[in-house]
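Asks: Here is my input; please provide its structure:
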Amino acid sequence: MRGLTVCWKHGGASPASLAKRQRFLDEQAASKAVKAYGGRRDIDPAEALLEEVHRTAGHVSWLEHQIAVGSAALTEVTPGGTKTSVWVELYNTERNRLIAVTKAALDAGIAERQVQLAEAQGLMLASVIRAILDDLELSAIQRDKAPDVIRQHLLAASAVRTSADKSADIAPPATIVASFDE
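Replies: Numbering: from 1, shown residues only. Predicted coordinates:
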C-alpha cells in the first residue's frame, strides 16, 4: 500500500494500517499546502489583524462580483429541494468573517495606534524640515514663504500616492504642515 511499509495482503488493509496511511496522506497534503501558502513568518499581531481585514474584504468583494455578474448561481437544486448556492453561503460567511476581524481590529485599538503613528511621523517630518530651513539660514521673506511652498509640495506628493500607499501609516500633508506652522 502506497505510503506504508506493509503489504495490503499482510496487514496493510487492517483498520490501523488504513488509519496510518490516511494520516500519512494528510501530512503530505499539509506539507504541500505549507509550501504553496507559505510557512511560518514573524508578524506583529496588529499587522496580522489588518492583513486579515484587507484579505477578507478582498474575498467579500470578489464573491460579491461573482454573484452580481451572474457567474455564480444564487440557488442550487438538490434532491431535497432548492437551497442557497454555495457561492451565496461563502459570500455570507466571508461577510461575517469581515465583521468579526474588523471588530477585533477595532477592539485592539489598531486604528488609534495608526493615528498616533501618523501624528508622530508628521511631527518628525516637520522637525526635519525646520532643521533644514534653519541650516539654510533663509532670509525673513524666504522663511515666510516656506510654509506655503512646503504645503504645495506635500500636497503634490500626496496626490501621486497609490491606493496601496493610502493604507500605509503615512502622515497626511495637513498634519505635517500644521506641525510646521506651530
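Asks: Specify the local secondary structure of A105.
Replies: For A105, the assignment made with DSSP: H, G, I helix; E, B strand; the rest coil gives helix.
Asks: list the contacts for it?
Replies: By C-beta atoms under 8 Å, 6 or more residues apart in numbering, the residues touching A105 are A46, L49, L50, V53, A111. (Each C-beta comes from the backbone N, C-alpha and C, glycine too.)
Asks: let's see 7 Å
Replies: L49, L50, V53 (C-beta atoms under 7 Å, 6 or more residues apart in numbering).
Asks: distance of it from L90?
Replies: Distance of A105 to L90, given as C-beta to C-beta, to the nearest Å: 22 Å.
Asks: Can you tell me the closest non-neighbouring residue to the residue most central in space within the chain?
Replies: The centroid of the chain falls nearest to E51 when counting by C-alpha atoms, centre = their mean (2.3 Å). Excluding its sequence neighbours, the residue lying closest to E51 (C-beta to C-beta, 6 or more residues apart in numbering) is I43, at 7.6 Å.
Asks: about what we covered before: the residue nearest to the centre of the chain and A30, how far apart?
Replies: Separation of E51 from A30 (C-beta to C-beta) stands at 22 Å.
Asks: Then L98?
Replies: Relative to A30, and taking C-beta to C-beta, L98 is found at 27 Å.
Asks: just C7 next, same as before
Replies: To A30, C7 is 26 Å away according to C-beta to C-beta.
Asks: Same check on V128?
Replies: Counting by C-beta to C-beta - V128 and A30 are separated by 49 Å.
Asks: before we move on, what about V77?
Replies: 35 Å.
Asks: Also S61?
Replies: 29 Å.
Asks: the bottom helix or strand of this structure by mean pLDDT?
Replies: Sorting the helices and strands of the chain by mean pLDDT, DSSP states H and E puts helix 163-166 at the bottom, at a mean of 48.
Asks: can you give me the strands for the chain?
Replies: Taking DSSP state E as the test, the strands found in the chain are 75-78, 81-84.
Asks: okay, those strands in CSV with mean pLDDT, distance to P147 and mean neighbour count next?
Replies: Converted to CSV, the strands of the chain look like this (pLDDT from 0 to 100; distance: least, C-beta to C-beta, whole Å; neighbours: other C-beta atoms under 10 Å):
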stretch, mean pLDDT, distance to P147, mean neighbour count
strand 75-78, 81, 61, 11
strand 81-84, 85, 59, 11
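Asks: Nearest to Q116 among those strands would be which one?
Replies: Ranking the strands of the chain by proximity to Q116 (C-beta to C-beta) places strand 81-84 first, at 43.3 Å.
Asks: Any chance you could list what contacts the closest one?
Replies: Against strand 81-84 from outside (C-beta under 7 Å, 6+ apart): T75, E76.
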